[in-house]
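Novice: heads up, no residue letters with this:
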């Protein structure tokens, strides 16, 4: 994948390093040249001095071929503007913006722009929006044997009934779904939609199965909505 990161603060720099370590190509944009000091000297990505809402700078970073963009500057307005340009002008499929104002976050979730709050695990939350196979642990019980995990809905499940049978086995339960920023625990009659986020309770001894379940054809369970179910 090719990813554009806008903002080279602690979150942006950490995100850029994790992405290149995972084998992806990255261009990072920041208005301050000194911000790039947060990156390792041998970091292999592209450093661009500029603004994430400037089309010239975005195109220099590969916006026309990008698979994802993360806007993680210190300004809500800049992040949302970057995200909207990425989505509406360049049709980048995976876009996420960091938002400080929780009231704004809900509005932009409803507009279809995923947001993440300013929390210590921001990097993992951004990665979970950019890399759809990546799950994020939200909570663990004191024994470490039970985890609440957030997992973006894979494209293979869009238009299919939730919860998928593959995730209702021993040690795994779908306990809630977040759609357009609104969580619900009434998941029995839902049909998967683009942007849905699954919340799973997973026992430690079966957590390793999640990567397999979210890696391909085994995800598909049941016909799409409107298909013949006979």
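Specialist: Here it is on my side, so go on. Just so we're clear, the structure is a prediction, and the values are computed from it rather than from any experiment.

Novice: hang on, residue 35 is in a strand, isn't it?
Specialist: No - with DSSP: H, G, I helix; E, B strand; the rest coil as the criterion, residue 35 is located in helix rather than a strand.

Novice: can you count the residues close to it?
Specialist: If you count neighbours by other C-beta atoms under 10 Å, residue 35 ends up with 19. Glycine gets a C-beta too; all of them are placed from N, C-alpha and C.

Novice: so residue 210 touches residue 203, yeah?
Specialist: No - taking contacts as C-beta atoms under 8 Å, residue 210 lies outside contact range of residue 203: 11.1 Å.

Novice: any shared contact partners between the two?
Specialist: Common contact partners of residue 210 and residue 203 (C-beta atoms under 8 Å, 6 or more residues apart in numbering): residue 172.

Novice: Who has more neighbours out of these two?
Specialist: Set residue 210 next to residue 203 and count neighbours by other C-beta under 10 Å: residue 210 wins out with 18 against 13.

Novice: Where do the domain boundaries of this structure fall?
Specialist: 2-130, 136-219 (automatic domain parsing).

Novice: For these, state which one has the densest average packing.
Specialist: domain 2-130 (a mean of 19; mean count of other C-beta atoms under 10 Å).

Novice: State the mean pLDDT of that domain.
Specialist: When pLDDT is averaged along domain 2-130, the result is 86.

Novice: Correct me if wrong: residue 69 contacts residue 6.
Specialist: Yes - between residue 69 and residue 6 there is a contact at 6.9 Å, judged by C-beta under 8 Å.

Novice: shared neighbours of these two, anything?
Specialist: 52, 82.

Novice: Now do the closest residue to residue 24 other than its chain neighbours: how many residues are near it, please.
Specialist: Using C-beta to C-beta, 6 or more residues apart in numbering and skipping residues adjacent in sequence, the residue nearest residue 24 is residue 1, 4.6 Å away. For residue 1, the count of nearby residues is 14 (other C-beta under 10 Å).

Novice: All set now, cheers.
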